[in-house]
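Student: Whatever this is, show me its structure:
(one chain, ligands or ions: 1)
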Amino acid sequence: MTTALDDARTHAARVVTPELVARLTRGVPGSGRTACHSPLTGERLAELPETTVPEVAGAFDRARAAQQSWAALPVRRRAAVLLRFHDLMLRRQDEILDLIQLETGKARLHAHEEVQAVAMAARHYGRKAPAYLRPRRHTGSIPVLTRVRQLRHPRGVVGQIAPWNYPLELSAGDALPALVAGNALVMKPDTETALTALWARRLLIEAGLPEDVWQVVIGAGPVVGPAVVAHADYLSFTGSTATGRAVAQGAAARLVGASLELGGKNAMLVLDDADLDRAAAGAVRACFSSAGQLCISVERLYVHQSVADVFLERFTARTRALRLGGGLDWGADMGSLASQAQLDTVLRHIKDAVANGATVLAGGHPRPDLGPYFHEPTVLDGVTPGMAVCEQETFGPVVSVYRFRDEDEAVERANATPYGLNSSVWSRSAPRARRIAARLRTGTVNINEGYAAAYGSVQAPMGGMGDSGLGRRHGAEGIHKYTEPQTIAHQRVLPLAPSFGMDDRQYARFISGSLRLMKTLRLR
Ligand SMILES: NC(=O)c1ccc[n+]([C@@H]2O[C@H](COP(=O)([O-])OP(=O)(O)OC[C@H]3O[C@@H](n4cnc5c(N)ncnc54)[C@H](O)[C@@H]3O)[C@@H](O)[C@H]2O)c1
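Tutor: Residues are numbered from 1 along each chain as shown. Just a heads-up that it's a prediction; the model follows:
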C-alpha cells in the first residue's frame, strides 16, 4: 500500500526533473548552491544556484543595460508581451499548478487562484498600460499660454522581494506592471518557492521579454534582500511587517521609493440580517484558503450574538467536512502548511489559547499521517485579549470567533488592531453593509465575500493601511508607482516675469488681475 508520502515523492520526481531545473535556472547568477524543499514530503525538491552579494550587483548591471532598449520600445509592444504571456500561461497551467502545489503544499484549487489572479493582471495591464502611461495635458500656470504635458518615465531597475505563500501571484503578478511600464527587474523570491517565479520568468521570455530584463537572484533573505535594497531604483516588497520595516529603512537611507504589502489580522463581520448559509460557506473559504497562509485571509470572525449559534453550527459543520490532502489533483479542499515554522506557530497559538481558557469548536490537531506539516482547519471560541492568537497574525488555518451586540461595537473591535489590510461585511442590506464598510480601517473591504471580490477587481487598488503597508497594487496606483512623473511646461508668448516695460509693482498688479479673471472665468 502506498502512503501519502510515497505519492508525493513520485509526483515530485515526475514534475521537478533535472532538465526542468536546468532550464528554469539558466541565467540565474550563483556561484553558491542552495536548495528548495517540498512541504508535501519535507524533503529536498531541487538544488538551486545561490547568488552572492557581488553577484546581486552584477544582476543589477545586466538589468540596467537591458532596461534601456526595453524602455525604448513603444508601450504597445511591451503590452503585447503580457497578452501573449496570458495566453501561454492558461494553455500550460497544469505545469505551473503542479509546481506551485509541490513548492507550497497548497490544494490545487488554491494554486489555481494564483493562475487566475496573474491572468487577470496580465490582461488588465496588457490592455490598459498604453492608457495608464499616455502623456497627459494639464492646465498651465497661464491657461493657453503655458502648455503643460506630463510624462511617465520608468524608474529604472525595480527590486522586487517576494514571499513564499502565493509564489506565482506575488512574483509575476507584481512584476507585470513594473515591466510594462518600461522597467527592468531584479527579483528575490523566497528560496523555497523560487522555481515557480523562475517558471513565470521563463514563460514571459517565451512571450517576448528580452532575456536580461527580468533577473532573478536567490539566497537567504537577510543577505540577498539587503543587497537588492542597496541597488534598486524602487522597491516592491511583499512579506511580514517586521521585514517590511527593515526594507523601508534601507529605502529611506537611499531616498528611493518603496511599496510594502505586509501582514494582516483580518476581520469578518456577520450581521444579524446576513444570509447565514452563504456567510458560513464564505467564512470557510476566507479562513482556510491556502491553509490560511494568505495575507487577506480571515483570522477574526465577529458574529452578531442573535445569530451566533446558528452561524457557528453551520460554519463548524462545513469546516469539519473539508477534505485535506496533498495530491496533485482537485481532490482536496485544503493542503499542507508550508513549513515546520508555520506549523510551530499554529500549534503555539492554539496551545496558548486553550491553556488560557479558549475552546476548540472544530479541528485543533496536526495531521502527520498526511504529510509533515498538515494541520486541521481550526475554529476557536472564548479567545480573549492577551492571547497570542488574538493579537498576532497566525498565518495558518486558525480562526477565532467573537460575538458582538451592535454595529458600533463590531466596528470598534474590528478596527482594534495595528493592521489594516482586508475585512469583510455580511448583510442582506447593501446600504447598511456599505455604511459599515466605510468605517472599517482596511485597504480593502468585501461585502458578502471574504477576500476574492476586492482582490480579483484588478482595476481597483489593493493594499494595506497602518502596519499592513504602504502603497497599492492593481489599477492605476499599481502601475503608476513604477513610474517617475515628469512635468514639462512650455511658456509661450508672455514670459512669467515683468516684461513689456512693466516694473515689479505693475507686474504684480497684472498677475493679481489675471488671477481674479481666471477665477471669474472658472479657468483653474
Ligand atoms: N499584503 C500582502 O499583499 C501580502 C501578501 C502575501 C504575504 N504577506 C505577508 O507576508 C508574510 C509571510 O511571508 P514571509 O514569512 O515570507 O515574510 P518575510 O518577511 O519573512 O519574507 C518575505 C521576503 O523577504 C525576504 N527577506 C527576509 N529578510 C530580509 C531582509 N532583512 N531584507 C530584505 N528581504 C528580506 C525573504 O527572504 C522573503 O523573500 C505574512 O506576514 C503575510 O501576511 C502580505
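Student: quick one: low-confidence parts of the stretch 1-150 of the chain?
Tutor: 1 (pLDDT under 70).
Student: could you pull out the strands for it?
Tutor: Assigned by DSSP state E, counting those that start in this stretch, the stretch 1-150 of the chain shows strands spanning 32-38, 43-50, 136-139, 146-154.
Student: So which elements touch the third one?
Tutor: Contacts defined by 3 or more Cβ pairs under 8 Å, 6 or more residues apart in numbering; DSSP states H and E place strand 136-139 against strand 146-154. Heads up, the C-betas are built off the backbone N, CA and C, glycines and all.
Student: How far does the strand it packs on sit from its chain's centre?
Tutor: Taking Cα atoms, centre = their mean, to the nearest Å, one finds the center of strand 146-154 at 30 Å from the center of the full chain.
Student: Pull out the buried residues from it.
Tutor: Along strand 146-154, the positions that meet the burial threshold by neighbour count (16 or more other Cβ atoms under 10 Å) are 146, 148, 152, 154.
Student: and the two most separated of those?
Tutor: The most widely separated members of those, counting by Cβ to Cβ, are 146 and 154 (26.8 Å).
Student: Distance from the chain centre to stretch 277-285, please.
Tutor: The gap between the average C-alpha position of stretch 277-285 and the chain average comes to 23 Å, counting by Cα atoms, centre = their mean.
Student: re earlier: same list, the strands of the stretch 1-150 of the chain, but as CSV with distance to the ligand please.
Tutor: Putting the strands of the stretch 1-150 of the chain into CSV (distance: least, Cβ to the nearest ligand atom, whole Å) gives the following:
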stretch, distance to the ligand
strand 32-38, 12
strand 43-50, 12
strand 136-139, 29
strand 146-154, 23
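Student: Spell out whether the lengthiest helix in the chain and the ligand are in contact.
Tutor: Once the chain is assigned using DSSP state H, the helix that runs over the most residues is helix 108-133. No: Helix 108-133 does not reach the ligand (Cβ under 6 Å from any ligand atom); its nearest approach is 11.1 Å.
Student: Can you spell out which helices and strands pack onto that helix?
Tutor: Identification of packing neighbours for helix 108-133 by 3+ Cβ pairs under 8 Å, 6+ apart yields helix 75-91, helix 93-104, helix 174-180, helix 475-480.
Student: contacting residues for residue 348?
Tutor: residue 388 (Cβ atoms under 8 Å, 6 or more residues apart in numbering).
Student: repeat that for 10 Å
Tutor: Neighbour list for residue 348: 388-389, 392, 394 [criterion: Cβ atoms under 10 Å, 6 or more residues apart in numbering].
Student: swap in residue 203?
Tutor: Neighbour list for residue 203: 84-85, 88-89, 92, 95-96, 172, 209 [criterion: Cβ under 10 Å, 6+ apart].
Student: I'd assumed it was in a helix, is it?
Tutor: Yes: the assignment for residue 203 (DSSP: H, G, I helix; E, B strand; the rest coil) places it in a helix.
Student: measure it to residue 66 for me?
Tutor: With distances taken as Cβ to Cβ, to the nearest Å, residue 203 is found 18 Å from residue 66.
Student: so how far is stretch 393-401 from its chain's centroid?
Tutor: Distance, stretch centre to chain centre, for stretch 393-401: 19 Å (Cα atoms, centre = their mean).
Student: could I get that stretch in PDB with only the CA atoms?
Tutor: What follows is stretch 393-401 as a C-alpha-only set of coordinates in PDB (Å, rounded to 0.1, in the frame of the first residue of the first chain):
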ATOM      1  CA  GLU A 393      -1.000  37.200  12.800                       C
ATOM      2  CA  THR A 394      -1.100  33.300  12.800                       C
ATOM      3  CA  PHE A 395      -0.900  32.900   9.100                       C
ATOM      4  CA  GLY A 396      -2.400  29.500   9.300                       C
ATOM      5  CA  PRO A 397      -5.800  27.700   9.400                       C
ATOM      6  CA  VAL A 398      -7.000  29.100  12.700                       C
ATOM      7  CA  VAL A 399      -9.900  31.500  13.200                       C
ATOM      8  CA  SER A 400     -11.200  32.900  16.500                       C
ATOM      9  CA  VAL A 401     -14.900  33.700  16.900                       C
END
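Student: need the residues of the protein near the ligand, please.
Tutor: So far as Cβ under 6 Å from any ligand atom goes, the chain lies against the ligand at 161-166, 170, 188, 190, 221-222, 225-226, 238-240, 243, 246-247, 261-264, 295, 393, 395, 421, 464, 469.
Student: Give the buried subset of those as a PyMOL selection command.
Tutor: With 16+ other Cβ under 10 Å as the criterion, this PyMOL line picks the buried residues out of the residues of the chain next to the ligand:
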select buried, resi 161+162+163+164+165+166+170+188+190+221+225+238+239+243+246+247+261+262+263+264+295+393+395+421+464+469
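Student: Which ones among the residues of the chain next to the ligand lie within strands?
Tutor: With strands taken from DSSP state E, the overlap with these comprises 161, 188, 238, 261, 469.
Student: now for those residues, which pair is the farthest apart?
Tutor: Using Cβ to Cβ, the two most remote members of these are 188 and 469, lying 17.9 Å apart.
Student: Do you have the strands of the stretch 251-400 of the chain handy? List them.
Tutor: For the stretch 251-400 of the chain, the strands defined by DSSP E, counting those that start in this stretch cover 257-261, 266-270, 298-304, 359-362, 378-381, 398-404.
Student: Single out the most deeply packed of those strands.
Tutor: For the strands of the stretch 251-400 of the chain, the stretch with the most neighbours on average is strand 266-270, a mean of 28; neighbours defined as mean count of other Cβ atoms under 10 Å.
Student: For it, which strands pair with it and how are they oriented?
Tutor: The pairing partners recorded for strand 266-270 under DSSP bridges are strand 298-304 (parallel), strand 422-426 (parallel).
Student: where's residue 436, which helix or strand?
Tutor: Mapping residue 436 onto the secondary structure by DSSP states H and E places it in helix 430-439.
Student: quick one: that helix to strand 422-426, angle?
Tutor: Here helix 430-439 runs at 160 degrees with respect to strand 422-426, directions being taken by axes from the mean of the first three to the mean of the last three Cα atoms, to 10 degrees.
Student: From the contact counts, what lies against helix 430-439?
Tutor: strand 266-270, helix 407-414, strand 422-426, strand 444-447 (3 or more Cβ pairs under 10 Å, 6 or more residues apart in numbering; DSSP states H and E).
Student: Turn these into TSV, including mean pLDDT.
Tutor: Converted to TSV, those look like this (pLDDT from 0 to 100):
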stretch	mean pLDDT
strand 266-270	98
helix 407-414	98
strand 422-426	98
strand 444-447	98
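Student: Send over stretch 381-389 as PDB, restricted to the C-alpha atoms.
Tutor: Output in PDB follows, covering the C-alpha atoms of stretch 381-389 (Å, rounded to 0.1, in the frame of the first residue of the first chain):
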ATOM      1  CA  ASP A 381     -14.200  30.200  20.800                       C
ATOM      2  CA  GLY A 382     -13.600  32.100  24.000                       C
ATOM      3  CA  VAL A 383     -10.500  33.900  22.800                       C
ATOM      4  CA  THR A 384      -9.600  36.900  24.800                       C
ATOM      5  CA  PRO A 385      -7.200  39.900  24.500                       C
ATOM      6  CA  GLY A 386      -3.700  39.000  25.600                       C
ATOM      7  CA  MET A 387      -3.800  35.500  23.900                       C
ATOM      8  CA  ALA A 388      -1.300  35.300  21.000                       C
ATOM      9  CA  VAL A 389      -4.000  34.200  18.600                       C
END
